[in-house]
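1. Here you go, sequence then predicted model.
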Amino acid sequence: MGTAAEVADKETNGGLLDGKKVTVVFVLGGPGSGKGTQCANIVKRYGFTHLSAGDLLRAEIKSGSENGKMIQEMIKDGKIVPSEVTIKLLHRAMLESGNDKFLIDGFPRNEENRAAFEAVTNIEPEFVLFFDCPEEEMERRILGRNQGREDDNIETIRKRFKVFLDSSLPVIKYYESIGKVRKIDAGKPVDEVFESVKTIFAKYETKWYDTPRGRTMMLCIGGFMLVSAAVALALRKRNSR
Ligand SMILES: Nc1ncnc2c1ncn2[C@@H]1O[C@H](COP(=O)(O)OP(=O)(O)O)[C@@H](O)[C@H]1O
Ligand SMILES: Nc1ccn([C@@H]2O[C@H](COP(=O)(O)OP(=O)(O)O)[C@@H](O)[C@H]2O)c(=O)n1
């Protein structure tokens, strides 16, 4: 049982975010497996909002918040930041986005992350997209990433691999046991990986008439048909006189 405010918050959520039904896909895989790269592709094609737990934590460090120093130390050491911190950032970003489809990348990374997210938001993922990639390939990719990340050095990379095996794989196993994992062979080139991703996301394909431009076109076509009908009617009336 949480505080009264927490309980009230949970009751108003009821699996919804701000009263809205949302779709959440967790994107998991080892460090460097290509989660961020493929999330960018999914955003473009399927209109999801991409929320990377790591990016949100790094932005929190930059913002100079009171938790910044602690987060920085944990990331530098490849450790998993306490759930309450990460979940608060994810929850806020979800509310601010205004979207109803989310890719939550790099989360949940351990059992605590998973259980706490479910308890706080009451949201269950639609499915878990799991990028399965050999460790040597992930290491090669991270070392070539060049994003100036403090944790992309060989010592921290090895720690992150260990945390992935010890803490994150059990979460993937849990979702596997309830039939929610969609596994992708992520060791292939980017385009080939995206081909596999597309087969999983096919049902989220945005129809052209669901886009802002498509809706405008539909309105124009509707307006044109109305005007044509009115003109045809007027002509018929005149001819019948
Ligand atoms: N399928 C792929 N083949 C080769 N390089 C890739 C592939 N996917 C991503 N990369 C590169 O590997 C690095 C790590 O990818 P990234 O998407 O940042 O991984 P993650 O988010 O899982 O840590 C990046 O430099 C990216 O450009
Ligand atoms: N749910 C999460 C996600 C990331 N993190 C931290 O952020 C670091 C970087 O995560 P990331 O997802 O951006 O990067 P990759 O390890 O996937 O390359 C992790 O090693 C953790 O220290 C966390 O504590 N909790």
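-> Looks like it arrived, so ask away. Since we're looking at a predicted model, the values are computed, not measured. Ligands and ions are numbered 1, 2, ... in the order given.

2. Neighbours of residue 27, how many?
-> Using other C-beta atoms under 10 Å, residue 27 has 29 neighbouring residues. Any C-beta I mention is one placed from the backbone N, CA and C, and that applies to glycine too.

3. Flag every residue of the chain that's near ligand 1.
-> Near ligand 1, the residues belonging to the chain are 29, 31-37, 141, 144-145, 189-190, 193 when assessed by C-beta under 6 Å from any ligand atom.

4. If we use 8 Å, what do you get?
-> 29-39, 52, 54, 105-106, 131, 137-138, 141-142, 144-147, 186-190, 192-193 (C-beta under 8 Å from any ligand atom).

5. those strands in this protein, which residues are they?
-> Per DSSP state E, the chain carries strands over the ranges 16-17, 20-21, 23-29, 49-52, 101-105, 127-132, 181-185.

6. Now render the ones you listed as JSON lines, adding mean pLDDT.
-> Below are the strands of the chain laid out as JSON lines (pLDDT from 0 to 100):
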{"stretch": "strand 16-17", "mean pLDDT": "79"}
{"stretch": "strand 20-21", "mean pLDDT": "90"}
{"stretch": "strand 23-29", "mean pLDDT": "98"}
{"stretch": "strand 49-52", "mean pLDDT": "98"}
{"stretch": "strand 101-105", "mean pLDDT": "98"}
{"stretch": "strand 127-132", "mean pLDDT": "98"}
{"stretch": "strand 181-185", "mean pLDDT": "98"}
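
7. Residue 71: neighbour count?
-> Neighbours of residue 71 under the rule other C-beta under 10 Å: 20.

8. Poorly predicted segments of the chain, please.
-> Low-confidence segments of the chain (pLDDT under 70): 1-15.

9. excluding its backbone neighbours, what's nearest whatever residue of the chain ends up closest to ligand 2?
-> Taking C-beta to the nearest ligand atom, ligand 2 has its nearest neighbour within the chain at residue 54, 1.7 Å off. Once flanking residues are discounted, residue 54 sits nearest to residue 106: 4.9 Å by C-beta to C-beta, 6 or more residues apart in numbering.

10. List the contacts of that neighbour.
-> Applying C-beta atoms under 8 Å, 6 or more residues apart in numbering, one finds that residue 106 lies in contact with 27, 28, 35, 52, 53, 54.
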